[in-house]
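K.L.:
Turn this into a model:
(one chain, ligands or ions: 1)
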Amino acid sequence: MDQIDKTKVPRHVAIIMDGNGRWAQSQGLPRLEGHRQGAVTVENITEAARTVGVSYLTLYAFSQENWNRPDDETAGLMQLLTEFLISKKEKMIKNGIRLHTIGRTERLPEPVKELLWQTIEATSAGDKMTLTLALSYGSRDEILRAVQKISQQVKEGQVSGDQISEELFESALDTEKMPDPDLVIRTSGENRVSNFLLWQSAYAEYIFIEPNWPEFTEDMFLNCIAEYQKRERRFGLISEQVND
Ligand code: FPP
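P.N.:
Model prediction:
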C-alpha cells in the first residue's frame with residue numbers, strides 16, 4: 001500500500017477476469033471450481049479497490065458469448081452469481097458499495113434477475129464505490145443498442161442528426177453517467193480486449209498480467225495501480241502539455 005500515491009488513484013478500474021478454467025485444470029479440478037475460486041477473488045479485489053480509493057470497479061463477469069458454453073457451466077455461473085448476491089449483500093451495504101450492472105441483463109434467468117435488481121436497490125445508498133458487474137455484456141451490442149436508441153430519437157424528432165455528439169452517444173450507452181475507465185486489467189496472460197468497454201476505454205491504460213483470475217491477489221492489484229501511476233497519460237497531447 002506504501003507504493004501507492006493516494007492522490008493519483010485511478011477513478012475507474014475495469015477488469016477482464018480471465019483464466020478460471022485454466023486455473024481449475026492446472027489444479028486437476030472441474031472448471032466450476034475455478035469460477036468458485038474466482039468469486040472469492042471478486043470479493044478480495046472489491047475490498048482492495050475500495051480500500052485504496054477506487055470509485056468505480058467494473059468486472060466482466062459474463063459475456064454475451066458465454067451463453068454458448070455448455071449448459072452446466074452457464075447454470076453453475078448463474079448459481080455462483082446468486083450465491084454472491086445473497087451472501088455479500090450485507091457486506092456491500094456495510095462498506096458503502098453500490099451495486100450496478102451493464103449488459104443485456106434481461107437474458108438472465110428470472111430469479112437471478114430479480115435478485116440482482118433487489119440487491120441493486122438495497123445497496124443504492126452506497127457512496128464509497130460503485131461495483132458494476134458486466135453481465136450478458138458485449139461492447140458491440142451495447143454500441144448498436146445506443147445507435148438504435150438515438151435513431152429512434154431522431155425519428156421522433158427529439159434530436160437532429162447534427163446534434164449527435166459524443167456526450168449524447170455516451171448517454172445512450174449502458175455506462176451512462178459512469179466515468180470512462182482509467183485502467184483496464186486482464187488476467188491470465190491473454191493480450192486481448194474481447195469486446196469489453198470498447199468505446200469507453202479509448203484512453204484507458206491497459207495492463208495484461210500472467211496470473212489466472214483465481215490466483216490474482218490484493219498485492220497484485222495494488223502493483224497494477226502502482227504501474228498505472230508510473231505511466232504518463234497524454235490524451236493525444238505532448239508531454240510538456242500534460243505536465244504543465
Ligand atoms: C473467465 O474465465 C471467467 C468467466 C467467464 C466468468 C467470471 C466469473 C467469476 C469470476 C465468478 C462469478 C462471478 C461473480 C461476480 C460472483 P474462463 O472460464 O474463460 O477461463 P479459461 O479461459 O481459462 O477457460
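
K.L.:
In three-state terms, label residue 150 for me.
P.N.:
helix (DSSP: H, G, I helix; E, B strand; the rest coil).

K.L.:
From what I see, it and residue 173 are in contact.
P.N.:
No: Residue 150 is beyond contact range of residue 173, at 10.4 Å (criterion: Cβ atoms under 8 Å). Yep, even glycine has a C-beta here, placed from its N, CA and C like the rest.

K.L.:
Sketch out the low-pLDDT regions of this protein for me.
P.N.:
Within the chain, the stretches with pLDDT under 70 are 244.

K.L.:
again, 50 this time
P.N.:
Across the chain, nothing is flagged by pLDDT under 50.

K.L.:
For the ligand, what is the nearest residue in it?
P.N.:
Nearest to the ligand, among the residues of the chain, is residue 21, at 2.5 Å (Cβ to the nearest ligand atom).

K.L.:
Can you classify that residue as helix, strand or coil?
P.N.:
Three-state assignment for residue 21 (three-state DSSP): helix.

K.L.:
my guess is it meets residue 34, correct?
P.N.:
Yes: using Cβ under 8 Å, residue 21 is in contact with residue 34, at 5.4 Å.

K.L.:
Would you mark the buried spots in stretch 33-48?
P.N.:
33-39, 41-42, 45-48 (16 or more other Cβ atoms under 10 Å).

K.L.:
again with stretch 146-163
P.N.:
Buried, per 16+ other Cβ under 10 Å, within stretch 146-163: 146, 150, 153, 159.

K.L.:
to the chain's geometric centre, what's the distance from stretch 42-59?
P.N.:
11 Å (Cα atoms, centre = their mean, to the nearest Å).

K.L.:
got the CA coordinates for it in CSV?
P.N.:
C-alpha atoms of stretch 42-59 as CSV (Å, rounded to 0.1, in the frame of the first residue of the first chain):
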residue,chain,number,x,y,z
VAL,A,42,-14.0,-10.9,-6.7
GLU,A,43,-14.7,-10.3,-3.0
ASN,A,44,-11.0,-9.7,-2.2
ILE,A,45,-10.4,-7.3,-5.1
THR,A,46,-13.6,-5.4,-4.4
GLU,A,47,-12.3,-4.9,-0.9
ALA,A,48,-8.8,-3.8,-2.0
ALA,A,49,-10.2,-1.4,-4.6
ARG,A,50,-12.5,0.3,-2.1
THR,A,51,-9.7,0.5,0.5
VAL,A,52,-7.3,2.1,-1.9
GLY,A,53,-9.9,4.7,-3.0
VAL,A,54,-11.1,3.5,-6.4
SER,A,55,-14.6,5.0,-7.0
TYR,A,56,-15.7,2.6,-9.8
LEU,A,57,-14.8,-1.0,-10.2
THR,A,58,-16.3,-2.8,-13.3
LEU,A,59,-15.9,-6.6,-13.6
